[in-house]
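**Q** I would like the atomic coordinates for the input below:
(chains A and B)
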Amino acid sequence: MLSVAEIEHLTVQYPDVKALDDVSFTVEKGDFLGIIGPNGAGKSTLFAAMLGLNTKYKGIIRFFGQDIRKSKDYLKEIGYVPQKPIFEKNFPATVNDVVKMSLRQESNVDKIDEILQQLWIHELSQKRIGELSGGQQQRVFIAKALVNSPKILILDEPVTGIDQQSIELFYSILRELNAKQKITIIWSSHDLDAVNQLANHVACLNRTLFFHGESDAFFENDELVKQYSEASMQEHMHNH
Amino acid sequence: MQRALISGVAIAILCSVIGLFLVLRRYSLFGDAIAHSSFGGIALGLMAGVYPLWTAYGVSLASGLIITKIKEKYDISGDAAIAVLLSSGIAVGLVIVGISGGFTIDIFSFLFGSILLVSVNETILILSLTGIILIVVLLLYRQLLYSTFNEEQAKVSGIPVEKINYLIVFMAGLTVVTSIQLVGVLLISALFVIPNVTAIMYGKGFKPTAILSISFSIFSVVTGIFISYIFNITPAGTIVLLSIGLFGATMAIKSMGLLSKN
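**A** Alright, predicted model coming up:
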């Protein structure tokens, strides 16, 4: 199998805390990788480093064999869906405007309609983004991520604050993108059940990586699941 | 009069376009701050016997870029940075005016605008700068819009967001000083903010909003110049009051539920 992403000894030190400590794993072409971990486990920090948003890290991150410190070209092959789309509520941009912002080549404008139809938001194309529900906005951000036909889709806890019906639709879209369009998906989530259903690989993170491997190997190992659940519960209690 | 109208329309277009990016970045008062800092530059020019707008361009651009750098480096909030810039410019200007023994008449034309007195050379300068800035905006439209919408997403798309931020500050500095002749230092931010806030209320996409804003701005400037010419009153105040009138009318229409959402 061909590795599309390699993370080697990644360490991110913030002034008061080590957010990631010697994390190493690889992502193969066509993987659906679920990254799980409690709040503060370093999932968003990992993505920030992978996406070039934080360059103050130790270790090596490679996409398609290239060290991302040496070239930003890999970003052309990546679609990114943030945890919660942040924008000015009254921003005067329609769904069509928002998706078009991501389009690298003006000549591919027909692709926008195609993607909006695929994500069932075609009828909303002339609505302002701020008028849509959380679930609809999240689908617009997937459309943005897909409009340049990426090879990898990175999603940072993308269903936070979205209703259950939209979540189900969202998951079915992800499944189809991975299965039919062969897009490699790297997805962080709190939802163990969803990861169990969708992902074929799991990375379990809590500042260090304490598991990386096939999804079944994780979910069939009661001890690992228990460890993860305890760590999550401790973090939850700590935060409340 | 002809020159005033031509210059006025060019400035109206420029302020609407640059102002829309500033308003959406929550930088509504940035134009005001740069205008006030340019007051220091104008006073400096008058004292040194140099054409005051040249020194105003220098001081405004430098202030805008410095304050952006300070904001980035020291994590100062946008409104605090603007307040520092705003008061510094006026303070420097007042000290220079005091040292020089005062040049009241000249200063007043810059404080309140003097579009009806605009010269041929000034008209050429206004048209040239408007042309250059609009071409830059058209060429970098996607980058400007995307980094205004969401900086993080724009960065992931490979857009050099920091450079674009500096470019916007630079273009805003040029626009403010260029527009001082129309409405003066004290009312400049009205042209940046009011037509855009009015247009945003119509609930349209980005390009229709920009076109609406430009239309409101041109209407206010052209009508304002005619009214001030006919009734011999100050153009700056008339233009801004007309803008506020359009804003009030739009709010009234909206509160009556007559603005449909797409």
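**Q** going forward, measure contacts and count neighbours with C-alpha atoms only.
**A** Will do.
**Q** from the chain's centre, how far out does stretch B:242-255 sit?
**A** 21 Å (Cα atoms, centre = their mean, to the nearest Å).
**Q** and it with chain A, contact?
**A** No. Shown here: stretch B:242-255 not in contact with chain A (Cα under 8 Å from any Cα of the partner chain), separated by at least 14.5 Å.
**Q** Please spell out which residues along that stretch are buried.
**A** B:242-244, B:246-247, B:250-251 (16 or more other Cα atoms under 10 Å in any protein chain shown).
**Q** Show me which residues of chain B sit near chain A.
**A** Counting by Cα under 8 Å from any Cα, the residues of chain B close to chain A are B:24, B:142-143, B:145-146, B:149-150, B:152-158, B:200, B:203-206, B:209, B:261-262.
**Q** Please pick the buried ones from these.
**A** B:24, B:142-143, B:145-146, B:149-150, B:152-158, B:200, B:203-206, B:209.
**Q** State the distance from residue B:84 to chain A.
**A** 25 Å (Cα to the nearest Cα, to the nearest Å).
**Q** Could you report the neighbour count for that residue?
**A** 13 (other Cα atoms under 10 Å in any protein chain shown).
**Q** can I assume it sits in a helix?
**A** Yes. Residue state for residue B:84 (DSSP: H, G, I helix; E, B strand; the rest coil) corresponds to a helix.
**Q** In terms of pLDDT, where does it sit?
**A** pLDDT, residue B:84: 80.
**Q** Name all residues that make contact with it.
**A** Shown in contact with residue B:84 (Cα atoms under 8 Å, 6 or more residues apart in numbering or on different chains): no residues.
**Q** quick one, what contacts the closest residue to chain A within chain B?
**A** In chain B, the residue found nearest to chain A is residue B:205; the distance is 4.4 Å by Cα to the nearest Cα. Contact analysis of residue B:205 by Cα under 8 Å, 6+ apart lists A:92-94, A:97, A:126, A:128.
**Q** Now with 6 Å, please.
**A** A:92-94 (Cα atoms under 6 Å, 6 or more residues apart in numbering or on different chains).
**Q** Just the closest of those to residue B:216, please.
**A** The closest of the contacts of residue B:205 to residue B:216 turns out to be residue A:92 (Cα to Cα; 16.4 Å).
**Q** ok, that closest one touching residue B:206?
**A** Yes. Counting by Cα atoms under 6 Å, residue A:92 does reach residue B:206; the two are 5.0 Å apart.
**Q** what about the residue nearest to the spatial centre of chain A, which helix or strand?
**A** Nearest to the geometric centre of chain A sits residue A:155, at 1.5 Å (Cα atoms, centre = their mean). Following DSSP states H and E, one finds residue A:155 within strand A:152-156.
**Q** got the residues of chain A near chain B?
**A** Within chain A, the residues that sit near chain B (Cα under 6 Å from any Cα of the partner chain) are A:87, A:92-94, A:101.
**Q** Show the buried residues in these.
**A** The buried subset of the residues of chain A next to chain B - by 16+ other Cα under 10 Å - is A:92-94, A:101.
**Q** in the chain, which spans are helices?
**A** No chain in the question, so chain A it is. Here chain A has its helices, by DSSP state H, at A:43-50, A:95-102, A:110-118, A:134-146, A:164-179, A:192-198, A:215-219, A:222-239.
**Q** other chain: chain B
**A** Going by DSSP H, chain B shows helices at B:2-24, B:30-48, B:52-74, B:78-100, B:104-112, B:120-139, B:141-149, B:151-156, B:161-200, B:206-231, B:235-255.
**Q** which of these is buried the deepest?
**A** Comparing the helices of chain B on average neighbours per residue, with mean count of other Cα atoms under 10 Å in any protein chain shown, the densest one is helix B:30-48 at a mean of 27.
**Q** what packs against it?
**A** helix B:52-74, helix B:78-100, helix B:161-200 (3 or more Cα pairs under 6 Å, 6 or more residues apart in numbering or on different chains; DSSP states H and E).
**Q** Would you single out the least confident of those helices?
**A** helix B:78-100 (a mean of 78).
**Q** Just want the angle from that helix to helix B:52-74.
**A** Between helix B:78-100 and helix B:52-74, the angle comes out at 140 degrees (axes from the mean of the first three to the mean of the last three Cα atoms, to 10 degrees).
**Q** Alpha carbons only: can I get helix B:78-100 in PDB?
**A** Provided in PDB are the C-alpha atoms of helix B:78-100 (Å, rounded to 0.1, in the frame of the first residue of the first chain):
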ATOM      1  CA  GLY B  78      -8.500  45.600  16.900                       C
ATOM      2  CA  ASP B  79     -10.500  48.300  18.600                       C
ATOM      3  CA  ALA B  80      -7.700  49.200  21.000                       C
ATOM      4  CA  ALA B  81      -5.100  49.300  18.200                       C
ATOM      5  CA  ILE B  82      -7.400  51.600  16.300                       C
ATOM      6  CA  ALA B  83      -7.900  53.900  19.300                       C
ATOM      7  CA  VAL B  84      -4.100  54.200  19.700                       C
ATOM      8  CA  LEU B  85      -3.600  55.000  16.000                       C
ATOM      9  CA  LEU B  86      -6.500  57.500  16.000                       C
ATOM     10  CA  SER B  87      -5.400  59.500  18.900                       C
ATOM     11  CA  SER B  88      -1.700  59.500  17.900                       C
ATOM     12  CA  GLY B  89      -2.400  61.100  14.600                       C
ATOM     13  CA  ILE B  90      -4.500  63.900  15.900                       C
ATOM     14  CA  ALA B  91      -2.100  64.500  18.800                       C
ATOM     15  CA  VAL B  92       0.900  64.700  16.400                       C
ATOM     16  CA  GLY B  93      -1.100  67.000  14.100                       C
ATOM     17  CA  LEU B  94      -2.100  69.300  17.000                       C
ATOM     18  CA  VAL B  95       1.400  69.600  18.300                       C
ATOM     19  CA  ILE B  96       2.800  70.400  14.800                       C
ATOM     20  CA  VAL B  97       0.000  73.000  14.300                       C
ATOM     21  CA  GLY B  98       0.900  74.500  17.700                       C
ATOM     22  CA  ILE B  99       4.600  74.600  16.900                       C
ATOM     23  CA  SER B 100       4.000  76.200  13.500                       C
END
